[in-house]
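**Q** A predicted structure for the sequence below; I have some questions about it.
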Amino acid sequence: MVATSASALLIVENHRPRMSHTADKTDAKFYKMIHQLIESQRKTNRRGQDRNPFVSIQQIAPLYGQSLPNRSDFFKVRCNDLTTRGFSFFINDAPDFDKLVIAFESPAKTIYVHAEVRHHRKVLLYPKSGRIETLDDYARYGEYLEGQAALHTREAGIPMTLVGCCFTGRFY
């Protein structure tokens, strides 16, 4: 069963009955968990919402249809940031899916949230410093490699794809 977090309505084959009181409490707990994850470090972005660093390893799976993917469909990604509306993560190549499920894992439980891919772009990720540099194209990465060969003292960047997603609901 899928419920939208924003409207607190259950979606069952285009029918939208009211959520139970239990589901409302579960959503409140989910939002509390998200706020706890992001409250420590805050910075504002151009979208007018708080974007907070969220450097952690979580698991995602492409979402096809309305059912929770099999556990074997999930794979690990490095998350970059988190807001109350979405998150971003790194993968090797551009995603071949538009919808996904992220499994937010905590010691107490795992919460499954579905999201839509809003954008993606090639970047250089500097793992030690956490710095991210946008790559306009692979030709620029070739120039970067030449510069790195000359400067052995600098941290090497890893070419990755930064994927930005917005939350669309949660699985119960």
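**A** Noted; the coordinates are in hand. Keep in mind it's a predicted model, so treat the numbers as computed, not measured.
**Q** and residue 90, bridged to which residues?
**A** Under DSSP bridges, the beta-bridge partners of residue 90 are residue 78, residue 162.
**Q** give me the neighbour count for it.
**A** Neighbourhood size, residue 90 [other CB atoms under 10 Å]: 17. C-beta: built from backbone N, CA, C; applies to glycine.
**Q** longest strand anywhere in the chain?
**A** Of all segments of type strand in the chain, defined using DSSP state E, the longest is strand 110-126.
**Q** contacting residues around the helix or strand just after that one?
**A** Using DSSP states H and E, the helix or strand that follows strand 110-126 towards the C-terminus is strand 131-134. With contacts defined as CB atoms under 8 Å, 6 or more residues apart in numbering, strand 131-134 is touched by 80, 121-126, 157, 162.
**Q** please save the CA atoms from strand 131-134 in PDB.
**A** Output of strand 131-134 as PDB, limited to C-alpha atoms (Å, rounded to 0.1, in the frame of the first residue of the first chain):
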ATOM      1  CA  ARG A 131      34.100  18.800  -2.500                       C
ATOM      2  CA  ILE A 132      32.000  18.500  -5.700                       C
ATOM      3  CA  GLU A 133      32.900  20.000  -9.000                       C
ATOM      4  CA  THR A 134      30.400  20.000 -11.900                       C
END
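**Q** quick one: strands adjacent to that strand?
**A** Strand pairing for strand 131-134, determined by DSSP bridges: strand 110-126 (antiparallel).
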